[in-house]
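Asker: Have a look at this fold, sequence not included:
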């Protein structure tokens, strides 16, 4: 159940715990003169980022069907969630705020 999984991850703050554990392991390994996995720390960081990306996709899938679309690209082997309606995410912010300024722009004219 994606909803129960996302609720568990949010309530338990699993990402903070995993990243904190990784930092402790990396610090201990550096004190000993080796990397955390013996081959190099970037691999472990990549795994942590991958876990975060998978969980972000699962969180996105708990939104309403009208709010976004899942795009699967076979050429680049990517799975993306594109938000089509950001109003649901800004609703709580707008209700609590006295004023909201949304600004955007590009670096090109």
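Answerer: Cool, got the structure. Treat the numbers as computed from the prediction; the structure is a model and nothing was measured.
Asker: Where does the prediction get shaky in this structure?
Answerer: Counting by pLDDT under 70, the ranges of the chain that qualify are 32-49, 107-109.
Asker: can you pull out the strands in this structure?
Answerer: For the chain, the strands defined by DSSP state E occupy 68-73, 78-83.
Asker: partners of the first one in the sheet?
Answerer: Sheet neighbours of strand 68-73, with direction, are listed as strand 78-83 (antiparallel) (DSSP bridges).
Asker: residues in contact with the strand it pairs with?
Answerer: 56-57, 60-61, 63, 67-73, 89 (Cβ atoms under 8 Å, 6 or more residues apart in numbering). C-beta coordinates here come from the backbone N, C-alpha and C atoms, glycine included.
Asker: Most neighbours out of the residues you listed, which is it?
Answerer: When neighbours are counted by other Cβ atoms under 10 Å, residue 68 leads the contacts of strand 78-83 with 18 neighbours.
Asker: From residue 95, how far out is the closest residue to that residue other than its chain neighbours?
Answerer: Among residues not flanking residue 68 along the chain, residue 83 sits closest, at 4.7 Å (Cβ to Cβ, 6 or more residues apart in numbering). Separation of residue 83 from residue 95 (Cβ to Cβ, to the nearest Å) stands at 19 Å.
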